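K.L.:
Everything below, folded, please.
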Amino acid sequence: MAFTNLNVSLADMPESATVARHGVDSRHAIINTVVSLLFWVVVLVVLTVIGFVKSIPYPQFPILVAAVIVAGIVVTGHAYAAARARGYGVREHDLTYYSGVFWRQQSVQPLARVQHVEVNRGPIEKRAGLASVKMFSAGSGSATFTIPGLPLAVAEDLREHALAHKVGM
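P.N.:
Modelled structure (predicted):
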């Protein structure tokens, strides 16, 4: 059998814009925001305790506290925006994952190359009724991508869709 590699016209290629994009659950953004906010509150409390114990001089201490507050607001805002920017698309032969606030990223996983799929639920996700789906590609030791913040039923449906495609081949 001879190897062939035919040219493909750009007009004949499927467009990624035609993929119906689904956002992750809004509770995921709230959870990310709350976790980030709690982290920065703990940092601020520790900084305040250290400031009083070590007696940090007046001009430096308020500047340091203000810098931590500004950093916390920026990082927490980014955590919220990043969670809202996540999404996924499902087609017959592949799954697409979208992410990124400033630098948009799109990862496509052909279902024919799926090695296995995991549905994970941490304690916070379990309490919120959410789950994450991890797609593992054949030939790689790590996950191709993880779609966080999905309702449990949707996560299980995505897993079944990927595995049914694998069995049907």
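
K.L.:
Packing partners of the helix or strand harbouring V41?
P.N.:
Using DSSP states H and E, V41 sits in helix 26-54. The contact analysis (3 or more CB pairs under 8 Å, 6 or more residues apart in numbering; DSSP states H and E) places helix 26-54 against helix 60-85, helix 123-128, strand 130-137, strand 143-151. C-beta: built from backbone N, CA, C; applies to glycine.

K.L.:
Please name whichever of those is nearest to H93.
P.N.:
Smallest distance to H93 across these (CB to CB): 13.6 Å, for strand 130-137.

K.L.:
now that closest one and strand 143-151, what's the angle there?
P.N.:
If you take axes from the mean of the first three to the mean of the last three CA atoms, to 10 degrees, strand 130-137 sits at 160 degrees to strand 143-151.

K.L.:
who touches strand 130-137?
P.N.:
25, 27-28, 31, 95, 109, 113-121, 125, 142-152, 155-156, 158-159, 162 (CB atoms under 8 Å, 6 or more residues apart in numbering).

K.L.:
beta partners for Y97?
P.N.:
Y88, S107 (DSSP bridges).

K.L.:
Surely it touches I147?
P.N.:
Yes. Using CB atoms under 8 Å, Y97 is in contact with I147, at 5.6 Å.

K.L.:
Touching both of those two, which residues are there?
P.N.:
With CB under 8 Å, 6+ apart as the test, Y97 and I147 both reach 86, 88.

K.L.:
of these two, who's got more company?
P.N.:
I147 (24 against 20; other CB atoms under 10 Å).

K.L.:
hang on, that one packs against T96?
P.N.:
No. Contact criterion CB under 8 Å: I147 and T96 do not qualify, at 9.8 Å.

K.L.:
Mind listing the shared neighbours of these two?
P.N.:
In contact with both I147 and T96: Y88, using CB under 8 Å, 6+ apart.

K.L.:
Doesn't L95 belong to a helix?
P.N.:
No. With DSSP: H, G, I helix; E, B strand; the rest coil as the criterion, L95 is located in strand rather than a helix.

K.L.:
circling back to that earlier point, of all the helices and strands packed on helix 26-54, which lies closest to N5?
P.N.:
Nearest of those to N5, taken as CB to CB: strand 130-137 at 21.9 Å.

K.L.:
so what's E118 closest to, chain neighbours aside?
P.N.:
K134 (4.3 Å; CB to CB, 6 or more residues apart in numbering).

K.L.:
From the structure, what's the count of residues near the one you found?
P.N.:
Other residues lying near K134 total 18 when counted by other CB under 10 Å.

K.L.:
cool, and A67?
P.N.:
A67 has 11 nearby residues by other CB under 10 Å.
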